[in-house]
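Asker: Turn this into a structure:
(one chain, ligands or ions: 3)
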Amino acid sequence: MKRRALELGFDTVGVAALAPNPHAAELDRWLAAGYAGTMRYLERQAARRKDPRRILPHAARAVVTLTNYYHEPGPPSRPEAGRVALYARSGDYHDVLGRRLERLATALRGLVPGAATRCYVDAGPVPERELAQLAGLGWVGKNMMLLHPELGSFTFIGVVLTDADLAPDLPYAADRCGTCRRCLDACPTAAFVAPHVLDARRCISYLTIEHRGDFTPAEQQLVGDWAFGCDVCQDVCPWNVKFARPTADPELAPRAELAALDLAALLARDAADFDRRFGDTSLTRPGVAGMRRNAAAALSNRRRVRP
Ligand code: B12
Ligand code: SF4
Ligand code: SF4
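Answerer: Ligands and ions are numbered 1, 2, ... in the order given. Okay, here's the model as predicted:
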């Protein structure tokens with residue numbers, strides 16, 4: 001099954017034994033502090049995140065995959081272009097990885113006839129970083145990213161839950177951040193309250209992707225010239241500086257239009273035009289209204305800095 005995963009284009013794969021989440025208390029504290037902002041679904045899913053055996057009846061294992069999506073950031077963007085995080089510069093990864101995970105699940109059911117399987121990538125109540133660490137794929141860094149010791153953190157996590165009795169891998173025991181704290185210090189909005197604790201309400205990724213409605217003036221300032229997501233706390237990480245290599249995956253190839261988003265053009269787009277250009281990308285999450293809000297904020301911030 002692991003061989004099949006690599007043939008399908010995943011960069012690495014491991015198997016986690018499902019058990020109550022050892023960081024359930026951290027999740028409870030994080031939610032109680034209000035750091036999830038308006039992401040109410042995280043509260044609704046909390047019981048299942050704290051015990052992933054509750055997600056699928058009789059689930060016993062998670063097959064966890066990592067897929068490198070790193071691209072060279074390219075030359076500095078044009079004065080009136082908005083920045084898009086690297087993971088969103090290609091076709092929508094939910095679709096690309098969703099298809100691959102379904103093929104992996106088919107292979108698993110071929111090996112274990114009658115096995116139940118369910119696939120997840122960034123959707124659903126699955127504690128994906130936790131499971132990746134338990135499957136031996138790396139550690140959770142101070143920036144909360146899952147860091148693989150040879151790939152870095154510019155990876156997507158994809159999961160197949162199953163009731164099949166697969167041999168689990170050993171969890172990744174080491175924490176290789178050491179005394180480093182570059183990510184915490186580099187965050188442009190000071191969104192980290194402490195190592196491993198992110199106040200999402202200050203995070204540019206949350207504001208530009210998950211937040212609904214208008215920005216307050218303070219929120220608008222926080223997003224800077226980012227139009228979708230943010231990469232700063234990963235860009236500065238020594239593990240990425242050393243190990244991140246551009247992906248050769250054709251389905252994750254970056255699109256020039258997304259590498260430097262034309263903010264003024266985006267402001268002028270109607271819904272149909274937006275769907276034609278970006279309907280198969282992750283920009284559909286905030287949608288045309290959210291992306292126009294982001295474009296207006298980024299343009300105004302750029303003009304404020306460079307009159
Ligand atoms: C909600 C969400 C967000 C929110 C909140 C982020 C956050 N840090 O919680 C926002 C919108 C801000 C966000 C941003 C981003 N996200 Co996001 N997000 C998610 C989602 C849907 C849920 C995460 C969650 O439950 N958060 C709540 C926190 C409390 O839980 P947690 O992140 O799982 O953290 C656990 C561990 O850290 C552990 N823990 C706590 N303390 C300690 C201490 C130690 C020592 C250890 C080992 C563990 C540990 O306890 C926590 C609770 O179980 C996941 C997908 C999923 N289903 O898991 C993707 C996911 C985490 N996101 C992802 C990505 C790519 C991003 C961005 C990089 C996108 C971008 N470029 O803009 C940024 C990065 C921001 C950051 N530094 O975290 C990837 C991460 C891949 C990876 N290699 O780690 C995921 C896994 C999606 C995927 N399938 O690929 N995201
Ligand atoms: S994604 Fe950007 S804003 Fe969010 S925590 Fe990382 S550096 Fe800060
Ligand atoms: S920048 Fe340093 S502290 Fe942050 S995740 Fe990377 S190694 Fe860990």
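
Asker: OK, contacts around the residue of the stretch 51-200 of the chain found nearest ligand 2?
Answerer: The nearest approach of the stretch 51-200 of the chain to ligand 2 comes at residue 187, 3.3 Å away (Cβ to the nearest ligand atom). (Glycine included, C-beta is placed from N, CA and C.) By Cβ atoms under 8 Å, 6 or more residues apart in numbering, the residues touching residue 187 are 232-233.

Asker: With the one 3 residues further on instead?
Answerer: Contact analysis of residue 190 by Cβ under 8 Å, 6+ apart lists residue 202.

Asker: That one sits in which helix or strand?
Answerer: Take DSSP states H and E as the rule and residue 190 turns out to sit in neither a helix nor a strand.

Asker: Now residue 155: phi and psi?
Answerer: Dihedral pair for residue 155: phi -130, psi 150, per degrees, to the nearest 10.

Asker: That one against residue 66, yeah?
Answerer: Yes - between residue 155 and residue 66 there is a contact under Cβ atoms under 8 Å: 4.2 Å.

Asker: who touches both of these two?
Answerer: The contact sets of residue 155 and residue 66 overlap at 11, 146, 148 (Cβ under 8 Å, 6+ apart).

Asker: if we can go back for a sec, looking at residue 155 and residue 66, which is more packed in?
Answerer: Ranked by neighbour count (other Cβ atoms under 10 Å), residue 155 and residue 66 place residue 155 first, with 26 against 23.

Asker: and the residue nearest to residue 208 when sequence neighbours are not counted, how many neighbours does it have?
Answerer: Closest residue to residue 208 in three dimensions, ignoring its sequence neighbours and counting by Cβ to Cβ, 6 or more residues apart in numbering: residue 294, at 4.9 Å. If you count neighbours by other Cβ under 10 Å, residue 294 ends up with 29.

Asker: Next, the contact list for residue 294, please.
Answerer: Taking Cβ under 8 Å, 6+ apart as the criterion, residue 294 is in contact with 82, 208, 223, 226-228, 286.

Asker: Tell me which residues of the helix or strand it falls within come out buried.
Answerer: In this structure, residue 294 sits in helix 287-305 according to DSSP H and E. By neighbour count on 16 or more other Cβ atoms under 10 Å, the buried set for helix 287-305 is 288, 290-299, 301-302.

Asker: do stretch 235-247 as well
Answerer: Residues of stretch 235-247 classed as buried: 235-237, 239-240, 243-244, 247 (neighbour count, 16+ other Cβ under 10 Å).

Asker: same deal with stretch 31-39?
Answerer: Within stretch 31-39, the residues that count as buried by 16+ other Cβ under 10 Å are 31, 35-37, 39.

Asker: Might you enumerate the residues of the stretch 1-150 of the chain proximal to ligand 1?
Answerer: Counting by Cβ under 6 Å from any ligand atom, the stretch 1-150 of the chain comes close to ligand 1 at 21, 23, 26-27, 30, 39, 42, 85, 87, 121-122, 126-130, 133, 139-140, 143-146.
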